[in-house]
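Enquirer: Following is a predicted model, sequence given first.
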Amino acid sequence: MAPELHEPAPDLVCSARGCRSGAAHSLRWNNPRLHTPERRKTWLACDEHREHLSAHLQVRGFLREVEAVEAAPLAASQRTA
Ligand SMILES: [Zn+2]
């Protein structure tokens, strides 16, 4: 059964290049040149990369919302916030 790539579940891994950490944050963004206004793309970020990724989107005016991600089942030992 091939996993769908456009849905962030079930393995919630940070979207930063080369990062394999479990994601703690979901960055919802929209590129007005490519997407209709109600469309949302999602980047996942670990604690370490949340600022980096959100700043990347923010300077381009793409960032819409940042939401907490439910604890990923596989990231048991990462962090107990
Ligand atoms: Zn990361």
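Expert: Structure's in. What do you need?
Enquirer: Regarding residue 56, which helix or strand does it belong to?
Expert: Per DSSP states H and E, residue 56 falls inside helix 50-59.
Enquirer: in the helix or strand that that helix is followed by, what's buried?
Expert: Counting by DSSP H and E, the next helix or strand C-terminal to helix 50-59 is strand 63-68. Going by neighbour count (16 or more other CB atoms under 10 Å), the buried part of strand 63-68 is 63, 66. Bear in mind the C-beta positions are built from the backbone N, C-alpha and C, glycine included.
Enquirer: partners of strand 63-68 in the sheet?
Expert: As defined by DSSP bridges, the strand partners of strand 63-68 come to strand 25-29 (antiparallel).
Enquirer: who in the protein is up against the ion?
Expert: 14, 16, 19, 21, 46, 49 (CB under 5 Å from the ion).
Enquirer: let's see 8 Å
Expert: 14, 15, 16, 19, 20, 21, 23, 45, 46, 47, 48, 49 (CB under 8 Å from the ion).
Enquirer: The first one - how many residues pack around it?
Expert: The one in question is residue 14. 22 (other CB atoms under 10 Å).
Enquirer: Same question for the third one.
Expert: Residue 16: 19 surrounding residues under other CB under 10 Å.
Enquirer: Need the three-state assignment for it.
Expert: Per DSSP: H, G, I helix; E, B strand; the rest coil, the secondary structure class of residue 16 is coil.
Enquirer: how about CSV for the residues of the chain next to the ion, with pLDDT added?
Expert: Putting those into CSV (pLDDT from 0 to 100) gives the following:
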residue, pLDDT
14, 95
15, 95
16, 95
19, 95
20, 93
21, 94
23, 94
45, 96
46, 96
47, 96
48, 97
49, 97
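Enquirer: Please identify, among those, the one with the most neighbours.
Expert: residue 23 (28 neighbours).
Enquirer: Having no further points to raise, I will conclude here.
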